[in-house]
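Undergrad: Quick one, structure for this:
(2 chains)
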Amino acid sequence: MLAARDICIGLGGKQVLDGVSLSVPPGQVVALLGPNGAGKSTLLKVLAADLEPDRGTVSIDGQPLSLLGAADLACRRAILSQQSLLDFPFTSMEVVLMGRTPHAKGWRDTRRDNDVAVGAMQATDIIHKSTQTYTSLSGGEKQRVHLARVLAQLWSGDDSAANRYLMLDEPTSSLDAAHAHQILKLAQAYARRGFGVLAVLHDFQLACLYADQVVLMKEGGVAAAGPTAQVMTADIIESVFGVRAMVLRDPSIGDFPIVMTLPEGG
Amino acid sequence: MVANDASMTAAGTPASAYGLSRGPLILGLLFAVLIVSVLVAVANGAFPVSGGKLISIALEVLSLGDRGDVSASEYAVVTQIRVPRVFLGILVGANLAIGGAVMQGMFRNPLADPGLIGVSGGAAVAAIAVTVMGAPAVLGVYALPSAAFLGAIVATSLVYVIGTRGGTTVVATMLLAGIAINALAQSVTGVFVFLSDELQLRSFLFWTLGSLGGAGWPTLVPLIPVLLLPLVTLPLFARGLNAILLGERDARYLGVNTQRLKLLAICLTALGVGIATALSGIIGFVGIVIPHVVRLAFGPDHRLLLPASVLAGAAFMVLADLAARLVVQPAELPIGVVTAAIGAPFFLWLILHRRSYFGG
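TA: Take a look at the predicted model:
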């Protein structure tokens, strides 16, 4: 369980997170949604141990983050950032191999590192670009290279998926519809094998399709949290996002809420 | 643990296409190039010394034989002038090149070089200050190098301190601080230029073009360990520098202690480049071009880039100094003139032939 308890943090005189609690259980996809400025990115940084909260604790499987070493932590959780700054002509395979940094022993990548990188690139459907220069790829291809990198980071020595946590910061923002589905489907598949997955999403429908639980944030606090179908209702969406919404069910399509947002007063 | 167990162990992992499989071969070849450069540089100069005589000299130095038909003056020139000079060239070239490579990585900017963090600007101010105002007589020939080193360290520390707030160094702020400190250094240098007489000005001007001519065992020997330190330790940060190219946050997510990495990278670079500049003046171009050439040839992975830059920078400097000694005999060209004259056309050729690397 990746768990944050009562997180408070102020940045530049403003209370950005005010008593946020959230937990990501192994085996589940938790979607984090909220209007711009709700504090999602800040919460993600706190969960990733990149930002020290003023109050509250974050723990991984009962151990407070502050007690885990950096490399230890890097083997247990990985974060796919919204955008990467990489601008040097590595091959995509070399970028994926950087995910093995916390596992590195010695100067060279091991045979196993190579195998893990290839497996991760196959999983994200980018293996055909493995020898191409990363900087020459499209935005969506780059995103899939980085997803392969964070998957390679979590690949453990004992082939166990338990106690691994994957955080995705708007993973589908630069992807076309087909690849957006593919990435979230993959995240879901990893969750079924034991990963805890936390995904910051903007797309209601993708959250309804792939998340087991949804956490809605507003103004630095949790506005609603729970199983997807219970949270993604028209009333809650309207109150959190300030937009009219309609939520339908159609068993002939599948067992998930279908969310539409509507123009004001229409 | 996951889906592709079968494919993960699939044969035909294109390992040879990546990373470092060619590393030992490349480093071996570069080392051979360096050795050949050193031998050519020791054998040639105002008067050439044959290979046979070099062997005799080496045997005498190692107390394994006598120097046979080698004259006393040949022996003295080789052991007291050329060899220390070549040694200095190796250490200076290697430090400038690895310093450039590390700064380019840390700033995630292929245009960075050690000058950016104030090393050469600070050294120049101190050098001309000592030239114009003089220094305590006890320092003797050590006055200018020690002042230049001090100037380099002071300027770099200022840049670092300005770029660091609350224990976090922001490289973008450091970059701007570096520009400001360099401008300040230039203006102070200008004041001393204004105050200097013609002889002092000429001597300072030559210092800014660099020379390995001041090399001698007495000054060099105590500094060899200090100049070797960055060459040996900086390559240990290769994986961290690779990760930093992803962005510092992503590097931290990979478990890299980015703050410690930045501090050590800056300290070691300032040390190596600061002493190199103190001993040989300002030698431009090596710090920026050698890492580029190595990256173009062998890829951007710091695990190969850093040691390869050390060897390539050393060889380039030794050969550039040989050219500086030979071209206008019996006089000598400033080595900065040579490094730019050889390096710039070669770099242009590379740019034209490897456009894809530059995103063209």
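Undergrad: residues making contact with stretch B:40-53?
TA: Here stretch B:40-53 makes contact (C-beta atoms under 8 Å, 6 or more residues apart in numbering or on different chains) with B:39, B:54, B:57, B:68-70, B:74, B:77-78, B:82-83, B:86, B:89, B:318-319, B:321-322, B:325-326, B:329-330. (Each C-beta comes from the backbone N, C-alpha and C, glycine too.)
Undergrad: End to end on that stretch, go ahead and measure it.
TA: Its first and final residues considered, stretch B:40-53 spans 13 Å by C-alpha to C-alpha, to the nearest Å.
Undergrad: Now for B:Val273: which residues touch it?
TA: Counting by C-beta under 8 Å, 6+ apart, B:Val273 has contacts B:95-96, B:99, B:114, B:119-120, B:152, B:287.
Undergrad: Can you mark which positions in the helix or strand that contains it are buried?
TA: Assessed by DSSP states H and E, B:Val273 sits inside helix B:258-280. For helix B:258-280, burial by neighbour count (16 or more other C-beta atoms under 10 Å in any protein chain shown) applies to B:258, B:261-262, B:264-280.
Undergrad: immediately after that helix, which helix or strand?
TA: Per DSSP H and E, the first helix or strand lying C-terminal to helix B:258-280 is helix B:286-298.
Undergrad: what about the closest residue in space to B:Gly118 that isn't next to it in sequence, helix or strand, and which?
TA: Distance criterion C-beta to C-beta, 6 or more residues apart in numbering or on different chains; nearest residue to B:Gly118, sequence neighbours excluded, is B:Ala155 at 3.3 Å. For B:Ala155, the host element (DSSP H and E) is helix B:143-163.
Undergrad: and that helix, how far out from the chain's middle?
TA: 17 Å (C-alpha atoms, centre = their mean, to the nearest Å).
Undergrad: Remind me what that helix packs against, helices and strands.
TA: For helix B:143-163, the packing partners by 3 or more C-beta pairs under 8 Å, 6 or more residues apart in numbering or on different chains; DSSP states H and E come out as helix B:119-133, helix B:171-195, helix B:258-280.
Undergrad: Residues touching the first one, excluding its own?
TA: Spelled out, it's helix B:119-133. Under C-beta under 8 Å, 6+ apart, the answer for helix B:119-133 is B:99, B:114-115, B:143-144, B:147-156, B:181-182, B:185-186, B:188-189, B:192-193, B:195-196, B:200, B:203-204, B:207-208, B:269-270, B:273-274, B:277-278, B:281-282.
Undergrad: can you check the longest one too?
TA: The list of residues contacting helix B:171-195 from outside it, by C-beta under 8 Å, 6+ apart, reads B:106-109, B:112, B:115-118, B:121-122, B:124-125, B:128-129, B:131-132, B:155, B:158-160, B:162-165, B:201, B:204, B:248, B:262.
Undergrad: Quick check: which element contains B:Leu231?
TA: Using DSSP H and E, B:Leu231 sits within helix B:224-233.
Undergrad: most centrally placed residue in chain B?
TA: Centroid check for chain B by C-alpha atoms, centre = their mean gives B:Leu96 as the closest residue, at 1.3 Å.
Undergrad: Tell me the secondary structure at it.
TA: Classification of B:Leu96 using DSSP: H, G, I helix; E, B strand; the rest coil returns helix.
Undergrad: Kindly report the same for A:Ser239.
TA: Relying on three-state DSSP, one would call A:Ser239 helix.
Undergrad: The helix or strand encompassing B:Asp321 - what's its average pLDDT?
TA: Using DSSP H and E, B:Asp321 sits in helix B:302-326. The average pLDDT for helix B:302-326 rounds to 96.
Undergrad: Great, nothing more from me.
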